[in-house]
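Student: quick one, what's the 3D model for this:
(one chain, ligands or ions: 2)
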Amino acid sequence: MKIALIGYGKMGKEIEKVALSRGHEIVSIIDINNQEDFESEAFRSADVAIEFTNPKVAYNNYIRTFKAGVKLVSGSTGWMAEHGEEIKALCQKEGKTLFWSSNFSLGVAIFSAVNKYLAKIMNRFPGYDVTMSETHHVHKLDAPSGTAITLAEGILENLDRKDRWVKEEATSADELPIRSVREGEVFGIHTVRYDSVADSISITHDAKNRGGFALGAVLAAEYTSDKQGFLGMSDLFPFLKD
Ligand SMILES: NC(=O)C1=CN([C@@H]2O[C@H](COP(=O)(O)OP(=O)(O)OC[C@H]3O[C@@H](n4cnc5c(N)ncnc54)[C@H](OP(=O)(O)O)[C@@H]3O)[C@@H](O)[C@H]2O)C=CC1
Ligand SMILES: O=C(O)C1=N[C@H](C(=O)O)C[C@H](O)C1
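Tutor: Numbering: from 1, shown residues only. Ligands and ions are numbered 1, 2, ... in the order given. Model prediction:
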């Protein structure tokens, strides 16, 4: 498969390694200094573009990729609140294609399913209150992490006594607090914790490197090459749905 990379930072370089190891060809690499390449023949020849940049530029990259007629996989976080509805509509009504996930690692796909199941169970156990925390490297621009927001949404959909997530501290019982820590070069740790007066139950995903995110992104690209619409991990792994 012919793959274009948009963003050649920590994730772009990791994805290049995984893509080459799986027999794919990298036909174009777009970073901040060669934006004109969105119009290049090489970029247009890609079966799929994989985008990992930052919250501020991701939306613009999506629009330029759609204009070039190239299918897109993206892991950029922090853009969804502002542009999510428009991008979904372009995919669902205008024939564009984006596979997006806040976290491409297979471990987080499994963790998300367990998180939703645990939240459902906790409807029967009102003595437990839930909190979340996420820890990442100091270079990260967004907080809470995209993964933490997705996990929080999974809890809100399934646990009746919580209505919304908030940053850091809850001020009422219906709020789900997410604490964000930035330290060193941590790849990404997410914990969901239920506390009662008697005990606590925690589930944690701890990424050991960026290889898992990169593998998931390349698997998503392989899946997306002959699909259309707004896609996510529940399309790639339908057996993890509910
Ligand atoms: N979904 C998932 O599984 C994962 C998601 N992420 C997310 O992916 C994103 C990228 O992470 P990471 O690779 O660690 O970040 P990096 O900062 O290491 O890489 C981002 C790259 O994008 C470049 N860039 C900046 N602006 C543009 C632009 N307009 N067009 C093309 N490239 C541009 C940057 O260049 P320069 O440095 O010169 O600005 C940099 O090389 C973040 O939003 C992060 O949260 C990260 C890991 C996993
Ligand atoms: O910026 C990162 O590094 C990561 N970002 C994603 C997120 O915001 O959840 C995924 C992963 O945790 C690494």
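
Student: and for residue 124, the neighbour number?
Tutor: Neighbour count for residue 124, taken as other C-beta atoms under 10 Å: 7. To be clear about C-beta, it is placed using only N, CA and C from the backbone, and glycine gets the same treatment.

Student: can you read off the pLDDT for it?
Tutor: Listed pLDDT for residue 124 reads 98.

Student: ditto for the one 10 residues further on
Tutor: According to the model's per-residue confidence, residue 134 sits at a pLDDT of 98.

Student: so what's it bridging to?
Tutor: For residue 134, the beta-bridge assignment (DSSP bridges) gives partners residue 180, residue 190.

Student: I figured it hits residue 148, correct?
Tutor: Yes: with contact defined as C-beta atoms under 8 Å, residue 134 and residue 148 form a contacting pair (4.3 Å).

Student: could you tell me which residues touch both of the two?
Tutor: 178, 180, 190 (C-beta atoms under 8 Å, 6 or more residues apart in numbering).

Student: any chance of a PyMOL selection covering the buried ones in those?
Tutor: Buried members of the shared contacts of residue 134 and residue 148, defined by 16 or more other C-beta atoms under 10 Å, are picked up in PyMOL with:
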select buried, resi 178+180+190
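
Student: what distance do you get for the nearest residue to residue 110 once chain neighbours are set aside to ligand 2?
Tutor: Spatially, and ignoring its direct neighbours in sequence, residue 110 is nearest to residue 240 (6.9 Å; C-beta to C-beta, 6 or more residues apart in numbering). Note on residue 240: its distance to ligand 2, by C-beta to the nearest ligand atom, to the nearest Å, is 18 Å.

Student: assumed residue 212 was part of a helix.
Tutor: Yes: counting by DSSP: H, G, I helix; E, B strand; the rest coil, residue 212 is located in a helix.

Student: hang on, it packs against residue 110?
Tutor: No: contact between residue 212 and residue 110 fails when scored by C-beta under 8 Å: they sit 11.2 Å apart.

Student: the two: which is more packed in?
Tutor: The residue with more neighbours, out of residue 212 and residue 110, is residue 212; 21 against 13, by other C-beta under 10 Å.

Student: how many residues are close by residue 30?
Tutor: Neighbour count for residue 30, taken as other C-beta under 10 Å: 25.

Student: separation between it and ligand 1?
Tutor: 5 Å.

Student: list the contacts of that residue.
Tutor: 4, 5, 6, 7, 8, 37, 38, 43, 61.

Student: toward the C-terminus, what is the element adjacent to the helix or strand containing the first one?
Tutor: For residue 4, the host element (DSSP states H and E) is strand 2-6. If you walk from strand 2-6 toward the C-terminus, the next helix or strand you reach (DSSP H and E) is helix 10-21.
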